[in-house]
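*Asks:* Fold the following, please.
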Amino acid sequence: MTTIDQRRLTQFAHGGGCACKIPPGELEEVVAGLALTPGTGGPAGGRGTELLIGFDTGDDAAVVRLPGAAHGMAAVATADFFTPVVDDPYDWGRIAAANALSDVYAVGGRPLVAVNLLAWPREVLPFELAREVLRGGRDVAAEAGCHIGGGHSVDDVEPKYGMAVTGVADPDLLLRNDRGRPGMPLSLTKPLGVGVLNNRHKATGEVFEHAVASMVALNREASAAALDAGAVCATDVTGFGLLGHLFKLARASGVSAVVHAAAVPYLAGAHESAREGFVSGGTRRNLEWVAPHTDFGAADEVTRLLLADAQTSGGLLVAGEIPGAPVIGELVPAGEHAIVVR
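*Replies:* This is a model prediction of the structure:
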């Protein structure tokens, strides 16, 4: 690599990864009242279509039943992009692609085709780096068996990359965030902590290969395992943190959730990084959002921050037991708090 190719991508962004999302409370205010009635032939769906999952419960992807499809088939659509979460352009591309594909897996779908979304400061960063980003996205899409059919690019002051992904799913076997019921266990398929480790990487330049490995890992097998186990309720854990996504699931399902803090898995170095202050603004906003709805019990500040840690390309949170994933809690009848940490 030349000297210019070694410039740190994370220094060209005000935030990093899914921590740069608009805060969940603010976002809900923006989209309030914008949902349209599906299946009417109007703007929310074409004639004969049925919107099975929209944005009324804040689920992971849109799902539309396809009319006339053999054996019943639904189309899954999603888009996700963000600023650099790591300095290596190839790794950033892989992480962003895995993160975008995760939304399809989170509803029980299979990705078919994606288009790239690229914003690039063309007069500041060389296009050789952009090519590496796109190469990383291509390689993860290939691993997922997902075609890339082009994309869209703009000149921007910050680099951003992601994908719009279209997939398919069985409309009778969807994973939704509004199907949780009391008595269902909660399983988490990836450890938490990439948020604080990525923030530490941005601040110090330290590289955490185990965090990269977690982020580039597809949620394909986890999704298949959830469906094989008969699960009907799930979500992925990304920018709103475990507590944020769990709060949305509990609210949509009309239940409360108990989290056993000692059972939650973390990446090596996550606790130390949180204690040393490598906590993103996105994580603090997540915690502020869920705090009024959460009974934290004896959980200390570090535990609270890590449970709200803004994840990038995190795992699936499944209402059910699946092989290899620790059970971190359970759903219970709705109570005073949406979430209780024990």
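
*Asks:* Ser102 touches Thr235, doesn't it?
*Replies:* No - between Ser102 and Thr235 there is no contact under CB atoms under 8 Å: 10.2 Å. The way it works is simple: take the backbone N, C-alpha and C, and place the C-beta from them, glycine included.

*Asks:* can you pull out the helices in this structure?
*Replies:* With helices called from DSSP state H, the chain shows them at 24-31, 89-106, 127-143, 194-204, 209-216, 220-228, 241-253, 270-275, 281-290, 301-307.

*Asks:* Just the angle for the second one relative to helix 194-204, thanks.
*Replies:* I take that to be helix 89-106. 160 degrees (axes from the mean of the first three to the mean of the last three CA atoms, to 10 degrees).

*Asks:* Next one: Phe296 from Thr204, what distance?
*Replies:* Distance of Phe296 to Thr204, computed by CB to CB, to the nearest Å: 29 Å.

*Asks:* ugh, wrong one, I meant Asp295
*Replies:* 35 Å.

*Asks:* ok, now Val232?
*Replies:* 43 Å.

*Asks:* Comparing those two, which residue is more hemmed in?
*Replies:* Val232 (19 against 10; other CB atoms under 10 Å).

*Asks:* My read is that the more buried one contacts Asn177, right?
*Replies:* No - contact between Val232 and Asn177 fails when scored by CB under 8 Å: they sit 10.5 Å apart.

*Asks:* Pull up the overlap in contacts between the two.
*Replies:* Common contacts of Val232 and Asn177 (CB atoms under 8 Å, 6 or more residues apart in numbering): none found.

*Asks:* pull the CA atoms of stretch 105-114 into PDB?
*Replies:* Extracted C-alpha coordinates of stretch 105-114, given in PDB (Å, rounded to 0.1, in the frame of the first residue of the first chain):
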ATOM      1  CA  TYR A 105     -31.900 -13.300   7.800                       C
ATOM      2  CA  ALA A 106     -33.600 -11.600  10.800                       C
ATOM      3  CA  VAL A 107     -37.100 -12.100   9.200                       C
ATOM      4  CA  GLY A 108     -36.300 -15.700   8.100                       C
ATOM      5  CA  GLY A 109     -35.500 -14.800   4.500                       C
ATOM      6  CA  ARG A 110     -32.900 -15.600   1.900                       C
ATOM      7  CA  PRO A 111     -31.100 -12.800   0.100                       C
ATOM      8  CA  LEU A 112     -31.200 -12.900  -3.700                       C
ATOM      9  CA  VAL A 113     -29.800  -9.700  -5.100                       C
ATOM     10  CA  ALA A 114     -28.200  -6.500  -3.700                       C
END
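
*Asks:* Compute the number of surrounding residues for the closest residue to Asp80 other than its chain neighbours.
*Replies:* Distance criterion CB to CB, 6 or more residues apart in numbering; nearest residue to Asp80, sequence neighbours excluded, is Ala100 at 4.1 Å. For Ala100, the count of nearby residues is 29 (other CB under 10 Å).

*Asks:* Repeat that for Glu50.
*Replies:* For Glu50, the count of nearby residues is 16 (other CB under 10 Å).

*Asks:* What residues are bridge-paired with it?
*Replies:* Arg65 (DSSP bridges).

*Asks:* wait, doesn't it sit right on Arg65?
*Replies:* Yes - the pair Glu50 / Arg65 is scored as a contact, 4.2 Å apart, by CB under 8 Å.

*Asks:* intersection of neighbour lists for these two?
*Replies:* Joint contacts of Glu50 and Arg65 (CB under 8 Å, 6+ apart) do not exist.

*Asks:* And the pLDDT for the residue nearest to Asp80?
*Replies:* If you check Ala100, the pLDDT there is 97.

*Asks:* Which residues are in contact with the spatially most central residue of the chain?
*Replies:* Centroid-nearest residue in the chain: Thr238, 3.3 Å away (criterion: CA atoms, centre = their mean). Contact analysis of Thr238 by CB under 8 Å, 6+ apart lists 18, 99, 102, 245, 310-314.
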